[in-house]
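S.K.: sequence? don't have it. structure:
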RNA sequence: GCGCCCAUAGCUCAGCUGGAUAGAGCAACGGUUUUCUAAACCGUCGGUCUCAGGUUCGAAUCCUGAUGGGCGUACCA
């Protein structure tokens, strides 16, 4: 609709001899209750037009209609100039763009973007919060890829530290040699089991110590289990053979488990970073910062940066004993990633509890004069809460990722069987379909919400399969494919179409927005925009499907146009859903 | 205490850089199938956009303050 912006600028110049900018032209979709497709807001023009917005609207409308054959009609209501686009123009748009294979495919740019997501700890299995993270990261990567960027999907695995030692220690003490094979437990769940056992035993020790007269703080510090865990961490850092072996063994179990979950979710990575490799990085940057005077040393040798001028605090970047803190390694890892890939942008998909951390991290890198720091972005998302409050791994109040996925698939199976829609499916096709629908429901449920917002998940209310949901969109796609296969012919050419129905016009208008939607979603890192678009397409198509016959139309041109419109809708829905990591079936 | 984020229908969410009578889904109620898949379609019901000021021709949207909720404010990650 670019020509309209230019057209309005031209009209204003011709009529009122006033130069206005593109951003002064306010175009919006015409509301349903009025005639037209595109609305120009003319309030701002009345000032220099020297007449009311209504009269200015009428004049601009007349001018536009005279100059542009695309505009078939217009009406003015208050400060709103509603323009109707001609059927001829809509058909041209459909033929030249929407129905083409290349519709919504952007040219490749030379920009590289890294999307870091998932970033699990190897002491417990993934839960619903991780699912949100993984789906967001994967989808944003797909969207940026579709927008033409080269993408590196990265996973920074937190595979070391005191929390990992806790599960290791508990397994060593209470595990009796249990393995995934011996127990039938998935490796990550096995590790998680011992993480919980550690916490339970540790709490018992604390109680005993408190009963024996220690303060709570002292008890937490002095509990023998915690002392042992700390000792184990020191041994790990000293490369103790026995500890390292145990660490490798248990982590291997966990990775095998994660792989299964990642595969279920359909997410993948191009590059893994492991904290065990990167946790010592960042010391060079500390030196660099000291040399540049960005950091300063205190008497105890600890290194700090003063961010009070930026409204933040003083921040420790290196301990007095020379060991790293979280931000030290993140500084180093940021540098390493940059050296590895030289990307233009780097997106960190991390929960909003780390907003402050990333603010500080990016600011420090800017102060160090890293030119690439401008391309860093924290894609912050809200926590997933249960009606009972926050999920806590240690206390076992989590919605487990694997469990949830199986439940979704089981529900999909049950619903589909109830509807009796799988006649003629092989067992394999059925399983594939149930998985597609179950995951479609789950993914859409999580991705349709703006990342920033916190999300409420009630395990007692199953995720819907009707209405504004993934399966609704999947169903629409299957429905279209069914019509197309019944049509038989592959020749969908048509001529002599001059008139469109209202619903056809709406559908064409909606489809035409797809490239702009991908562009916005890429700029805002927002799968929710894609989700809303796909829903609108499906909704409009179902309306069209209901109102207009397709195969039964006698006029071959009309029939073929409607088939072509159906096919274009199916293709666009498929493309959009693909950006969300959701597959669409041929039949359901 | 200080900082950041959020607040829209009974519930879950949309609402683009300020623009028309604030939209969907679920739930409730009613209707649609001898016709291309009823996981659908159509209709009814449902909102002082948390509150109070301000800016503007115009505010759910911008500014200030208040209230409620979340998160952070560690020589944890």
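M.R.: All right, it came through fine. All of these numbers come straight from a predicted model, not from anything done at the bench.

S.K.: quick check: which ranges of chain A have low pLDDT?
M.R.: Filtered on pLDDT under 70, chain A yields no residues whatsoever.

S.K.: can you classify residue A:452 as helix, strand or coil?
M.R.: Following DSSP: H, G, I helix; E, B strand; the rest coil, the label given to residue A:452 is coil.

S.K.: for the stretch 201-350 of chain A, what lies in contact range of RNA strand B?
M.R.: A:275, A:298, A:300, A:302, A:311, A:313, A:316, A:319-321, A:324-326 (Cβ under 7 Å from any atom of the strand). Yep, even glycine has a C-beta here, placed from its N, CA and C like the rest.

S.K.: so which of those is the closest to residue A:287?
M.R.: Lowest distance from residue A:287 to these (Cβ to Cβ) belongs to residue A:324, with 13.2 Å.

S.K.: and the residue lying closest to that closest one once chain neighbours are set aside, what are its phi and psi?
M.R.: The shortest distance from residue A:324 to any non-neighbouring residue, by Cβ to Cβ, 6 or more residues apart in numbering, is to residue A:282 (5.9 Å). Backbone geometry at residue A:282, expressed as degrees, to the nearest 10, gives phi 110, psi -20.

S.K.: helices or strands next to whatever helix or strand residue A:568 lives in in the packing?
M.R.: Assessed by DSSP states H and E, residue A:568 sits inside helix A:556-579. For helix A:556-579, the packing partners by 3 or more Cβ pairs under 8 Å, 6 or more residues apart in numbering; DSSP states H and E come out as helix A:128-146, helix A:470-487, helix A:502-512, helix A:514-524, helix A:527-547.

S.K.: domains in chain A, by residue range?
M.R.: Here the domain assignment for chain A is A:2-85, A:161-267, A:401-579, based on automatic domain parsing.

S.K.: one step back: now a PyMOL select for only the buried ones of the residues of the stretch 201-350 of chain A next to RNA strand B.
M.R.: Applying 16 or more other Cβ atoms under 10 Å to those, the buried members can be selected in PyMOL as follows:
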select buried, chain A and resi 275+302+316+324
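
S.K.: tabulate the residues of the stretch 201-350 of chain A next to RNA strand B (TSV), appending distance to residue A:224.
M.R.: TSV is the format used below for those (distance: Cβ to Cβ, whole Å):
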residue	distance to residue A:224
A:275	27
A:298	34
A:300	30
A:302	30
A:311	44
A:313	36
A:316	30
A:319	25
A:320	27
A:321	24
A:324	27
A:325	27
A:326	27
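
S.K.: who touches residue A:425 in this structure?
M.R.: A:433, A:587 (Cβ atoms under 8 Å, 6 or more residues apart in numbering).

S.K.: wait, a strand at it?
M.R.: No. Checked against three-state DSSP, residue A:425 lies outside a strand; its state is coil.

S.K.: residue of the stretch 401-550 of chain A closest to RNA strand B, please.
M.R.: As assessed by Cβ to the nearest atom of the strand, RNA strand B sits closest to residue A:467 within the stretch 401-550 of chain A, at 2.1 Å.

S.K.: wait, is that residue part of a strand?
M.R.: No. Applying three-state DSSP, one finds residue A:467 to be coil, outside a strand.

S.K.: give me the number of residues near it?
M.R.: By the criterion of other Cβ atoms under 10 Å, residue A:467 has 9 neighbours.

S.K.: what do you get for the one 5 residues further on?
M.R.: Using other Cβ under 10 Å as the criterion, residue A:472 is surrounded by 20 other residues.
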